[in-house]
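In: next come a sequence and a model predicted from it.
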Amino acid sequence: MCNLSKKYIYIILLVVTGYLCKTPSSNKLKFVFILMRSVNRAPLNYYENISSNIENWPNGLGELTNEGIINAYRAGKLLRERYRHFLNPSERYSPSEIDVSSSEVDRCYQTAGYLLAGMYPPDEQQVWNPELLWQPVPIKTSLSKDYHMFGDNALYCPKYWIELHEASEDFIKTEKIKNFINYLRNNTFKTLKTINDALAICDVIWTDYMSKNSIPDWALKRFDDIEKFMLHSMLILNSNSDQMKRLFSGDLVGDIINRMEAIINKSLNAKKMYLHVGHDSTIVPFFNTLNVSEIEYPQFGATVLIELYLTPLNKTLIKLLYNKNYEWKESNIKLIELPGCPLPCGLENWRTLTQKFIPQNLNEECKNS
């Protein structure tokens with residue numbers, strides 16, 4: 001009798017769990033957050049005997065390539081297709097539907113702009129020039145909670161800068177990293193005193209490789225190590241402590257949760273979608289703040305998706321997805337279980353889980369007092 005009861009309880013649990021985790025045909029999609037790395041670009045630097053021909057980058061160093069422009073536009077069309085039953089069915093842009101923000105870097109602005117051109121082609125009433133089927137969609141840096149610049153200047157967030165300096169010193173002293181940087185020194189004949197010095201070399205090699213340009217044999221031999229070094233360089237941006245996570249990425253997590261709650265509470269100005277275009281140094285620390293393990297180095301156009309659903313039982317359900325590059329193949333889009341909040345993960349549970357990483361007053365918390 002005891003075994004029979006346990007069996008029935010197990011079946012009931014399976015039914016309830018399955019009901020909460022049904023596909024969007026039964027669960028209603030309410031909000032989508034999109035965090036995207038800018039698309040294909042030129043290397044940030046040029047080095048004789050390391051870089052490919054400078055003529056490969058006619059738009060300039062650090063700028064989007066034509067391939068990147070096409071991929072951003074295509075991503076917009078594919079996002080429109082993915083969320084065609086969620087967004088305005090007429091494909092008409094409405095300011096009440098979406099917020100868009102960008103890191104204050106040209107390639108991020110441009111990625112957002114080309115993506116939105118694919119996502120929101122003007123309808124008949126919105127066409128202002130029949131020879132140019134495009135309409136401007138606002139991109140607002142004022143909405144951005146992307147603090148990648150904290151790693152560039154101590155003045156932005158002194159408390160964070162101190163911890164980053166300590167974490168960087170510890171990282172560069174590890175035997176494995178010392179050996180790797182020595183390998184770069186011996187093959188590039190560069191001094192390479194800091195992580196950023198080594199990262200600049202790695203960026204040139206990685207970007208050339210991703211653009212199918214030739215790279216030196218010594219770099220090809222250690223390409224996996226180059227990519228791992230780039231990933232670990234992003235991880236140390238907030239891996240040293242919960243305080244680093246709170247200062248660097250916590251504001252973004254808090255903003256997403258606030259937007260979700262505004263939708264659920266039917267707030268007047270709530271938007272159903274929020275898109276932010278940032279960097280590899282935005283995505284990796286964001287995942288790290290959520291304690292997502294086994295993070296891959298984000299390729300150009302890599303995208304984090306967080307979807308909020310309302311179930312038929314009026315329960316919230318959060319899904320975290322990751323698209324590893326600009327191609328948007330369904331096979332590349334991976335469902336990631338939120339650590340500490342297994343499916344079905346509700347919004348209230350997620351807020352409780354992440355509360356310690358969300359700053360109440362970032363400016364005050366950044367002060368080194």
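Out: Cool, the structure landed.
In: low-confidence regions, the stretch 1-150 of the chain specifically.
Out: Low-confidence segments of the stretch 1-150 of the chain (pLDDT under 70): 1-25.
In: please repeat the previous calculation with a cut-off of 90.
Out: Counting by pLDDT under 90, the stretch 1-150 of the chain contains low-confidence ranges at 1-26, 48-49, 52, 88-92, 122-126, 130-131, 133, 141-142, 148-150.
In: tell me where it has strands.
Out: For the stretch 1-150 of the chain, the strands identified by DSSP state E, counting those that start in this stretch occupy 28-37, 98-102, in order along the chain.
In: compare those and give me the one nearest Asn265.
Out: Between Asn265 and the strands of the stretch 1-150 of the chain, the shortest separation by CB to CB is 11.0 Å, and it involves strand 28-37. C-beta here means a position set from N, CA and C on the backbone, and glycine is covered the same way.
In: need the strands of the stretch 1-150 of the chain in JSON lines (columns: distance to Asn240 and mean neighbour count).
Out: Supplementary listing: those in JSON lines, determined by distance: least, CB to CB, whole Å; neighbours: other CB atoms under 10 Å:
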{"stretch": "strand 28-37", "distance to Asn240": "22", "mean neighbour count": "21"}
{"stretch": "strand 98-102", "distance to Asn240": "27", "mean neighbour count": "22"}
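In: can I get those in a markdown table including distance to Lys329?
Out: Output for these, formatted as a markdown table (distance: least, CB to CB, whole Å):
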| stretch | distance to Lys329 |
| --- | --- |
| strand 28-37 | 16 |
| strand 98-102 | 24 |
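In: Gln243 is nearest to which of those strands?
Out: If you check each of the strands of the stretch 1-150 of the chain against Gln243 by CB to CB, strand 28-37 wins as the nearest, at 22.1 Å.
In: residues near Thr174, how many?
Out: Look at Thr174: counted by other CB atoms under 10 Å, it has 11 neighbours.
In: distance of it relative to Ile236?
Out: As judged by CB to CB, to the nearest Å, Thr174 and Ile236 stand 11 Å apart.
In: who touches the nearest residue in space to Gln125 that is not next to it in sequence in this structure?
Out: Across the structure, with CB to CB, 6 or more residues apart in numbering as the measure, the residue nearest Gln125 apart from its sequence neighbours is Arg92 (7.9 Å). In this structure, Arg92 makes contact with 120, 123, 125-126, judged by CB atoms under 8 Å, 6 or more residues apart in numbering.
In: any of those buried? List them.
Out: The neighbour count (16 or more other CB atoms under 10 Å) marks Tyr120 as buried among the contacts of Arg92.
In: closest to Lys178 among the contacts of Arg92?
Out: Minimum distance to Lys178 across the contacts of Arg92 is 49.6 Å, recorded for Tyr120 (CB to CB).
In: please name the nearest non-neighbouring residue to that closest one.
Out: Closest residue in space to Tyr120, ignoring its immediate chain neighbours: Tyr93 at 3.9 Å, by CB to CB, 6+ apart.
In: can you pull the contacts of the most centrally placed residue in the chain?
Out: The centre of the chain sits closest to Ile283, judged by CA atoms, centre = their mean, with a distance of 3.5 Å. When contacts are counted by CB under 8 Å, 6+ apart, Ile283 is found next to 35, 37, 234, 298, 302, 304.
In: now do 7 Å
Out: Residues in contact with Ile283 (CB atoms under 7 Å, 6 or more residues apart in numbering) are 35, 37, 298, 302, 304.
In: confidence score at the third one?
Out: This means Pro298. What the model reports for Pro298 is a pLDDT of 96.
In: same thing with the last one?
Out: Predicted confidence (pLDDT) at Val304: the value is 97.
In: avg pLDDT for the helix or strand hosting Ala167?
Out: For Ala167, the host element (DSSP states H and E) is helix 158-173. Taken as a whole, helix 158-173 has an average pLDDT of 93.
In: give the buried residues for the next helix or strand after it.
Out: Per DSSP H and E, the first helix or strand lying C-terminal to helix 158-173 is helix 175-188. For helix 175-188, burial by neighbour count (16+ other CB under 10 Å) applies to 177, 180-181, 183-185, 187-188.
In: nearest to Ile54 among those residues?
Out: Of all those, Thr188 has the smallest distance to Ile54: 17.1 Å, by CB to CB.
In: got a list of what that closest one touches?
Out: Residues in contact with Thr188, defined by CB under 7 Å, 6+ apart, are 50, 201.
In: where's it relative to Pro216, distance?
Out: With distances defined as CB to CB, the gap from Thr188 to Pro216 amounts to 9 Å.
In: what's the overlap in contacts for the two?
Out: Taking CB under 7 Å, 6+ apart as the contact definition, Thr188 and Pro216 share the neighbouring residues Ile50.
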